[in-house]
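Engineer: the following block contains a protein sequence and its predicted model.
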Amino acid sequence: MDGNLEISLDKLPLKRVDFIDENGNERFPPDVSPEEKTLSLIRRIDFGWAVQKDEDGDDKDEHKDKKQKKAGKDGSSPWQWQGMVENLMLARQELSVIIDIISTVEANDAVVVTSITKPKQLLNESLSDLAVSAATKLQCYRHLGKYFKQSAKGLEQQVSREARFYGALIRLQQNWKVKRQRMAASAPGNESFTIDLSDNSSSDPTSGLRSYPLSILRVEHDSAGMLALNVPTKSYRALRFGFVGTALECDGVETECPGKLNDGSADGEDERVAATHYTLCRLHKAIFDEQVFDFISREAFSLTSGVNLTGIRENFLQLRLRQGESMSISLMSTSQDDQSVDSAETQVAETEASPLALQALAPENEGIPDERIRGPLNRACYEIYLQQIFRDHVFARSKNRHTAPSSKPTGPSAKDSPSLLGHFCLSVAHRIFSSRVLKKLENVVSRTPYLQLMSQPAWNSRISSWLLFMDVPQSVLHGGSKTDNHPPKWRKSRFCTKVVVIEECIKVEGEGAPNVVGLFKESAEDITTISRYECDLEDLPMIILQQVAGQVIWWLHEEALTVGLKAARDFLCLSFELEQGESLSLAARVDPEDPSGCISWWLVVDGGFPGETKLHTDADTKNDYRKFLGHLSLDVLHSTVLDLVTLCNSGANP
Amino acid sequence: MNKGGGTGLGSVTGPTAAAAAAAAQKQKVLLQRVDLDIGNIIDNFSQLVTVARVNEPLVRNSQEAFMMEMRAARMVQAADSLLKLVSELKQTAIFSGFASLNDHVEKRIAEFHKQAEQSDTILSSIVDDAAASLKELESRYYSSAERIVEPLEN
């Protein structure tokens, strides 16, 4: 039944696998009609083999003959496809006839089919057949080899891509919260990753912090299989503080960020991870700034905060301080692409708000350069300070709640200020006020050569203090006793005056103050008398000068007493008693507005009591009784007093 | 990775029991997948080797050529499936290694605390330096000749 066997080859109802999907399921082609099936069978006829057979010129069995004929015809004209198709059609018809015959014969028992022995092949024929088959198989294996190589290459790439991706992910995981999200609908293994930037360390509901949609970042594979962050636009925002009416510097663009990291063109894995890390840091900072702004916005709207909100727009708050100064707090984009839009918006806001603020500022800031109060450096200080007090207020508080309550010296305290924003406003107002105080003090000191100013940092945002001191020359009588390590306690070489500004209240305290009590208490305890004043900004120079002049008088008085003069000390006047009830007075005149010197001295000869001495600014200097001495230094004053000793002695002992 | 490795699971009670059972089940599934994929590769490879023989009926060789392609494709597919499994294992290792994650977090927290302390120290030293410098500068300025001359110029 060799013939049957040959025919049944094409008759096999083979259901071939069309393809295999990713899950390994075999997919079969749709059922085909018998016509198409026959056609496809014909298409599978091995023509090469037939051509070879044709060349051999040997007749095989009847089926092969048919094929040989077809192939022989086709071989003569290989390019005439039409003819080949016709021949194939003919072959198909013949095959159908043969199949019919065979099925008829098989069905009919009466017919006996005798077996036809296949003619035995010659050795060379069978060997050549075998060689062709072996070559075909070899070709198949080579093809498979190529296929495997390609697949292996692809798989290797996939392995290295995944190694890079997961390596980067692990390194990011060391610093950030990386989360895995499984898609319910997708197949397993198709997870997506997110990085959670939200800070839940302040999970305190009373802190009022809300989570931000921006805090969840999607991690994706980019085209090269590397890790890429899906950062929404307008994400990089920074807190911006400013005084209304001043031009806002556009230095918020983070220029320190290397462009190499920004544009994502970094090749190396390390650079890529570093760039991602940097991006995440920036976003984290932006989120923190948004939290700060959100917090102070809500405080600004609450009635108990005690701040004066005068302007509001998107991401922009304008607040009025006590002295009529206005400040603005805004959120500005710091990334390059968003900068133009946001800065334009803010500029509009600034220019709209400026006329009012300038009007309010005009009388306040006379003589004070604006740069001194609100330079760019100060602006950064305020931004940092706002961030720091927010952090202390919200994060540290919630953390300390579980441990132990700790007092923050720079943070807002509940009793002083109702809110964080209120504390911040008070601090800013204090800074402005204290810079004005400092200006006044510097004016006074610059016109009083023997006076020195020293800052005394209080390390508190609402307290400033300065020390004004004056070193007096060593006494002549005590000059020789410098080696004495125990000078009299009351012998002072330095007089100090302390100026403390708490919020917007000035307190002046100093020793050796010009008080009339000293007249009646000429004892050593008098030295330690410390006077305290509270004054306003306008009176401050006068108070300071009176204090200093009083100290000079006090010192001269002590010196005069040391050398044996009969001297009396009054408010700003030192009187020496001459004979016959006459007195000679050295009087100080203070004038903060005098450009050549704030403290000037007069010599007054009077017959009456020292207390009756009166100073007249328009006094005639030629008057014998009142002589203007000018702006004397301490040394000159001291020598003047010593001269008076001679005068008095000569007067007393003519 | 090897949590809930199947040993002693019966004795685990409480809320972790379900998780342990789920982990064991997952491990079982993963092992099954590995077995299936490797079995696939071996089977297909043996088939490929088997069909290397040149058969007498010539048509059969063509048939086998198709079969070889199919077997090769199935081998590659099984290898890809194995890779996916490896990737899944990597993810599990990254996201489920809580012990190492916690250790690392603790370590980082300690580092940050140390850094904060260092920053505080630096800040306080800066504060001291600034105060000292300010004091020195002010005393130098007020005792300098420039400062004496200044009011006269005014």
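Structural biologist: Done, it's in.

Engineer: and the residue nearest the centre of chain B, its phi and psi?
Structural biologist: Centroid-nearest residue in chain B, with Cα atoms, centre = their mean: residue B:94, separated by 3.9 Å. When read as degrees, to the nearest 10, the backbone of residue B:94 gives phi -70, psi -40.

Engineer: how close does it get to chain A?
Structural biologist: 6 Å (Cβ to the nearest Cβ, to the nearest Å). Every residue, glycine included, has its C-beta placed from N, CA and C.

Engineer: and that residue, what pLDDT?
Structural biologist: Residue-level confidence at residue B:94 comes out at 84, pLDDT.

Engineer: what do you get for residue A:48?
Structural biologist: For residue A:48, the model assigns a pLDDT of 66.

Engineer: under the pLDDT cut-off, which ranges of chain B? List them.
Structural biologist: By pLDDT under 70, the low-scoring segments of chain B are B:1-15, B:58, B:146-154.

Engineer: those strands in it, which residues are they?
Structural biologist: Along chain B, counting by DSSP state E, no stretch forms strands.

Engineer: helices or strands up against the lengthiest helix in chain B?
Structural biologist: Identified as the longest helix of chain B according to DSSP state H is helix B:98-142. Counting contacts by 3 or more Cβ pairs under 8 Å, 6 or more residues apart in numbering or on different chains; DSSP states H and E, helix B:98-142 packs against strand A:451-455.

Engineer: where does the stretch 101-250 of chain A have low pLDDT?
Structural biologist: Counting by pLDDT under 70, the ranges of the stretch 101-250 of chain A that qualify are A:109-113, A:182-191, A:200-214, A:222-225, A:245-250.

Engineer: which parts of it sit against chain B?
Structural biologist: Residues of the stretch 101-250 of chain A lying close to chain B (Cβ under 8 Å from any Cβ of the partner chain) are A:129-130, A:132-134, A:136-137, A:140-141, A:143-144, A:147-148, A:151, A:155, A:158-159, A:162, A:166, A:169-170, A:173-175, A:178, A:180, A:188-189, A:191.

Engineer: ok, now with 7 Å
Structural biologist: Residues of the stretch 101-250 of chain A lying near chain B by Cβ under 7 Å from any Cβ of the partner chain: A:129-130, A:133-134, A:136-137, A:140, A:144, A:147-148, A:151, A:155, A:158-159, A:162, A:166, A:169-170, A:173-174, A:180, A:189, A:191.

Engineer: what ranges do the helices span in the stretch 1-150 of chain A?
Structural biologist: Using DSSP state H, counting those that start in this stretch, the helices of the stretch 1-150 of chain A run over A:2-11, A:34-43, A:47-56, A:62-76, A:81-107, A:123-173.

Engineer: could you dump the ones you listed to TSV with mean neighbour count?
Structural biologist: Below are these laid out as TSV (neighbours: other Cβ atoms under 10 Å in any protein chain shown):
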stretch	mean neighbour count
helix A:2-11	14
helix A:34-43	12
helix A:47-56	16
helix A:62-76	18
helix A:81-107	13
helix A:123-173	15
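
Engineer: want to throw those into TSV with distance to residue A:454?
Structural biologist: Formatted as TSV, these follow (distance: least, Cβ to Cβ, whole Å):
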stretch	distance to residue A:454
helix A:2-11	112
helix A:34-43	105
helix A:47-56	108
helix A:62-76	113
helix A:81-107	108
helix A:123-173	51
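
Engineer: quick one, which of those gets closest to residue A:503.
Structural biologist: helix A:123-173 (46.7 Å; Cβ to Cβ).

Engineer: can you name the element that comes right after that closest one?
Structural biologist: Next helix or strand after helix A:123-173 toward the C-terminus (DSSP states H and E): strand A:177-181.

Engineer: which strands border that following strand, and is each parallel or antiparallel?
Structural biologist: Take DSSP bridges as the rule and strand A:177-181 pairs in its sheet with strand A:192-196 (antiparallel).

Engineer: not counting the partner strand itself, show me its contacts.
Structural biologist: Defining contact as Cβ atoms under 7 Å, 6 or more residues apart in numbering or on different chains, one finds that strand A:192-196 is touched by A:169, A:172, A:176-181, A:183, A:215-219, A:280.

Engineer: residue A:432 sits in which helix or strand?
Structural biologist: For residue A:432, the host element (DSSP H and E) is helix A:420-446.

Engineer: go through that helix and flag the buried ones.
Structural biologist: Residues A:420-434, A:436-441, A:443-446 are the ones in helix A:420-446 that count as buried (16 or more other Cβ atoms under 10 Å in any protein chain shown).

Engineer: okay, stretch A:494-504 in CSV with CA atoms only?
Structural biologist: Presented in CSV, the C-alpha positions along stretch A:494-504 are these (Å, rounded to 0.1, in the frame of the first residue of the first chain):
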residue,chain,number,x,y,z
ARG,A,494,34.4,102.3,80.6
PHE,A,495,30.9,103.6,80.6
CYS,A,496,28.2,101.5,78.9
THR,A,497,24.7,102.2,77.6
LYS,A,498,22.6,99.4,76.4
VAL,A,499,19.9,99.8,73.9
VAL,A,500,17.5,96.9,73.6
VAL,A,501,14.7,96.7,71.1
ILE,A,502,12.0,94.2,71.8
GLU,A,503,9.6,94.1,68.9
GLU,A,504,9.0,97.8,68.4
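
Engineer: hmm, back to that, centre of the chain to the longest helix of chain B, how far?
Structural biologist: 32 Å (Cα atoms, centre = their mean, to the nearest Å).

Engineer: and that helix with helix A:123-173, angle?
Structural biologist: 50 degrees (axes from the mean of the first three to the mean of the last three Cα atoms, to 10 degrees).

Engineer: for chain B, what's the nearest residue on the stretch 501-650 of chain A?
Structural biologist: residue A:595 (5.0 Å; Cβ to the nearest Cβ).

Engineer: residues near that residue, how many?
Structural biologist: Using other Cβ atoms under 10 Å in any protein chain shown, residue A:595 has 12 neighbouring residues.

Engineer: again with residue A:638
Structural biologist: As a measure of burial, residue A:638 has 20 neighbours, counting by other Cβ under 10 Å.

Engineer: do residue B:132 as well
Structural biologist: Counted with other Cβ under 10 Å, residue B:132 comes out at 10.

Engineer: same thing with residue A:272?
Structural biologist: As a measure of burial, residue A:272 has 21 neighbours, counting by other Cβ under 10 Å.

Engineer: correct me, but it touches residue A:226?
Structural biologist: Yes - the pair residue A:272 and residue A:226 qualifies as a contact (Cβ atoms under 7 Å) at a distance of 6.0 Å.

Engineer: residues from the stretch 551-654 of chain A in reach of chain B?
Structural biologist: Checking the stretch 551-654 of chain A against chain B by Cβ under 7 Å from any Cβ, the hits are A:595, A:597.

Engineer: tell me where the stretch 551-654 of chain A has helices.
Structural biologist: For the stretch 551-654 of chain A, the helices defined by DSSP H, counting those that start in this stretch cover A:634-652.

Engineer: which intervals of it have sub-threshold pLDDT?
Structural biologist: Those would be A:579-581, A:606-624, A:648-654, if you go by pLDDT under 70 across the stretch 551-654 of chain A.

Engineer: in it, which spans are strands?
Structural biologist: Applying DSSP state E, counting those that start in this stretch to the stretch 551-654 of chain A gives strands spanning A:567-569, A:573-577, A:583-590, A:599-606, A:626-630.
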